[in-house]
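> Okay, structure incoming, though there's no sequence with it:
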């Protein structure tokens, strides 16, 4: 198929997934490009808000961070922070107006899957922030939980291990070894099947390959 036909086929997948997410209580929206998604995020958040970020290549690729930082109070840990400093940021994220991250997988029946090393992101995704915004590329949509867990372990986790220069076994073997390495980053898995009652969610499905 040419690029146009692929886009059309992907759009059908996005529409089915969006409908499933809505049936599970989430607000789900479809965007043709990351630029369209960035415009919506900036409009949704506005200014003078507290905004927390979970580490996400997808968010970096969308490229709206400078605008968000110029208009809002942003909480995001950085590599040079020690653990005490990180904990302060992570706790502040729990009380933000908006929290942004990206799932490792979204199932075609509208469930969300996340993996984390310390648990700060998974904690904020389930309760605390008033509105959670989750952009996701078409590449993260899977058929079911089993496929999502496989993707999380063998695609997302390995790519992040390489990005973070971790010396875990999966980097060498190309597959999850369920290791006991002290550098392991795959310690906590969170699945969100229905919208938690105290939190608003906006899932942004983007017709591009983004992130891991």
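That came through, no problem. Here the structure is a predicted model, which is why all the values come from computation and not from measurement.
> which helices and strands does the helix or strand that contains residue 172 pack with?
For residue 172, the host element (DSSP states H and E) is helix 169-173. Counting contacts by 3 or more Cβ pairs under 8 Å, 6 or more residues apart in numbering; DSSP states H and E, helix 169-173 packs against helix 157-163. (C-beta placed from N, C-alpha, C; glycine too.)
> What mean pLDDT does the helix it packs on get?
Mean pLDDT, helix 157-163: 95.
> centre of the chain versus that helix, how much separation?
Taking Cα atoms, centre = their mean, to the nearest Å, the mean C-alpha location of helix 157-163 is offset from the chain mean by 15 Å.
> Could you give me the buried positions within it?
Neighbour counts over helix 157-163 (16 or more other Cβ atoms under 10 Å) mark 157, 158, 160, 161 as buried.
> For that helix, which outside residues touch it?
57, 104, 115, 168, 170, 171, 174, 175, 176, 185, 186, 212 (Cβ atoms under 8 Å, 6 or more residues apart in numbering).
> residues contacting the second one?
Going by Cβ under 8 Å, 6+ apart, residue 104 touches 113, 114, 115, 140, 148, 151, 152, 156, 157, 212.
> 6 Å instead?
Residue 104 makes contacts with 113, 114, 115, 152, 156, as judged by Cβ atoms under 6 Å, 6 or more residues apart in numbering.
> Low-confidence ranges, this structure, go.
1 (pLDDT under 70).
> Which pair of the buried residues of helix 157-163 spans the longest distance?
Greatest spacing in the buried residues of helix 157-163, by Cβ to Cβ: 158 and 160 (7.4 Å).
> The residue nearest the centre of the chain: what's its closest spatial neighbour, skipping adjacent residues?
Taking Cα atoms, centre = their mean, the centroid of the chain lies closest to residue 102, which sits 0.9 Å from it. Counting by Cβ to Cβ, 6 or more residues apart in numbering, residue 102 lies nearest to residue 58, which is 3.8 Å off, once chain neighbours are set aside.
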